[in-house]
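J.: generate coordinates for the sequence data below:
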Amino acid sequence: MMLDPIFQRVDESIANATRGASRLAIVATLALLALGFATAAAHAYAMRTWGEIAGNLVLAGAFLFAALIVYLATKDSVAPETQARAAELEQSSFSQLPFVDQLFKPDGNLMRSIGSMAPVAAKAVAERVAPNLHLIIGAAVGLMIASKISEKLDSTKSPEA
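T.: From the prediction side, this is the model:
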C-alpha cells in the first residue's frame, strides 16, 4: 500500500512518544514534589536571613535565572536525525501528490480515507499504551497524591514563629 511507510513512521513515533512520556511523567511528578519541598525550605531560609521583601526578591531572581538557563539550553535542540527524516519524508511525499490531490476532492473522499485509517491508528495506540499502562497509572496516582497533599497544606494554617 502507498501509505505503509507513513503508517510505519506513525507507529514508531507513537511508540517512542508513549514510552518517553510515561517515564517523563513519573520522573517529573517526583521532581516537582522534591522541587516543592526545596522551594519551601529556600523560602523559609530566605525569610529568616534577609527578611520578607528581600527574601522574596532573591527567590524570584533565582527562579528567573533558572528559567533563563533552561531557555538558553533548549533553544536550538532539534536533533539532526529528525531534520534528515523530515527531508526524506518531504521528498517521498512529493512523489505521491496525485494521490493526495484525490483525497481533497469535494466528493467526500477525504473523510472516507480518514475513516478507514482510524482503526489502524487506534490499534497502534492501544498496542503502545498497554505495555506502559502501569507507568501512566503511576503518574496519575502520583499527581493525585501531590494534589491532595497540596490541598491539605493549603487548608492548614502555619504556626506563627
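J.: so how many other residues sit close to Thr18?
T.: 20 (other C-beta atoms under 10 Å). For glycine as for every other residue, the C-beta is placed from the backbone atoms N, C-alpha and C.
J.: tell me how many other residues crowd the residue nearest to it when sequence neighbours are not counted.
T.: Residue nearest to Thr18 in three dimensions, not counting chain neighbours: Arg128, with 4.5 Å by C-beta to C-beta, 6 or more residues apart in numbering. Residues within reach of Arg128, counting by other C-beta under 10 Å, total 19.
J.: looking at Arg128 now. What's its pLDDT?
T.: Looking at Arg128, its pLDDT reads 76.
J.: residue contacts, it?
T.: With contact set as C-beta atoms under 8 Å, 6 or more residues apart in numbering, Arg128 has these partners: 11, 14-15, 18-19.
J.: in this protein, which residue is most central in space?
T.: Ala21 (6.0 Å; C-alpha atoms, centre = their mean).
J.: three-state assignment of that residue?
T.: For Ala21, the assignment made with DSSP: H, G, I helix; E, B strand; the rest coil gives helix.
J.: state the distance from Ser22 to Ala66.
T.: Remark: distance between Ser22 and Ala66 (C-beta to C-beta, to the nearest Å) = 26 Å.
J.: so between these two, which is more surrounded?
T.: Ranked by neighbour count (other C-beta under 10 Å), Ser22 and Ala66 place Ser22 first, with 21 against 10.
J.: which pLDDT value goes with that one?
T.: For Ser22, pLDDT reads 80.
J.: give me the nearest residue to it, chain neighbours excluded.
T.: Leu135 (3.7 Å).
J.: so that neighbour makes contact with Gly20?
T.: No. When contacts are counted by C-beta atoms under 8 Å, Leu135 is not listed as touching Gly20 (10.5 Å).
J.: just the residues contacting stretch 25-36, thanks.
T.: Contacts of stretch 25-36 (C-beta under 8 Å, 6+ apart): 135-136, 138-139, 142-143, 146, 150.
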